[in-house]
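**Q** Let me see the structure of the following:
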Amino acid sequence: MEKYIKITAAEMEVMQEVWNFNEMVNIAELTAKLNEKGKMWAYQTVATFLKSLKTKKMIDSCKKGKVLYYFPIVSEEKYKTKTTENFVDTYFSGSLKKFLITFTNNKHLTEKELKELR
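**A** Coordinates of the predicted model:
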């Protein structure tokens, strides 16, 4: 993943579950897992998001028998790193210092907090 890939909030929900499976997952399994969270997802809706994620090269698929299985090709860590880098670049001119000052709301960090950041 060389460049930042923008995905929607709904695609992120689906992607998060793909990462959580830690193995290949089919649409039925993924739909059931998403529905356990309380929001009702239709099979076709999940299929549409998976197709979009595949087009964006976040996931890939392979067929086992008649069933299509999906798996991540971008790790969660790599995606979140690129997303964070893009955010800092876009809103803080690439300055981590400016981001941290804004994020901490101009509050002074304790020595312990500074050590943890290092």
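**Q** quick one, helices of the protein?
**A** For the chain, the helices defined by DSSP state H cover 9-21, 27-36, 43-55, 76-92, 96-103, 111-117.
**Q** Adding mean pLDDT, distance to residue 70 and mean neighbour count, write those out as JSON lines.
**A** C-beta coordinates here come from the backbone N, C-alpha and C atoms, glycine included. Output for the helices of the chain, formatted as JSON lines (pLDDT from 0 to 100; distance: least, CB to CB, whole Å; neighbours: other CB atoms under 10 Å):
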{"stretch": "helix 9-21", "mean pLDDT": "97", "distance to residue 70": "6", "mean neighbour count": "16"}
{"stretch": "helix 27-36", "mean pLDDT": "97", "distance to residue 70": "7", "mean neighbour count": "16"}
{"stretch": "helix 43-55", "mean pLDDT": "98", "distance to residue 70": "6", "mean neighbour count": "16"}
{"stretch": "helix 76-92", "mean pLDDT": "93", "distance to residue 70": "15", "mean neighbour count": "13"}
{"stretch": "helix 96-103", "mean pLDDT": "81", "distance to residue 70": "34", "mean neighbour count": "13"}
{"stretch": "helix 111-117", "mean pLDDT": "78", "distance to residue 70": "36", "mean neighbour count": "9"}
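**Q** mind checking which of those helices is nearest residue 62?
**A** Nearest of the helices of the chain to residue 62, taken as CB to CB: helix 43-55 at 11.4 Å.
**Q** Report all helices and strands that that closest one contacts.
**A** Contacts defined by 3 or more CB pairs under 8 Å, 6 or more residues apart in numbering; DSSP states H and E place helix 43-55 against helix 9-21, helix 27-36, strand 59-64.
**Q** let's go with 6 Å and repeat that
**A** helix 9-21, helix 27-36 (3 or more CB pairs under 6 Å, 6 or more residues apart in numbering; DSSP states H and E).
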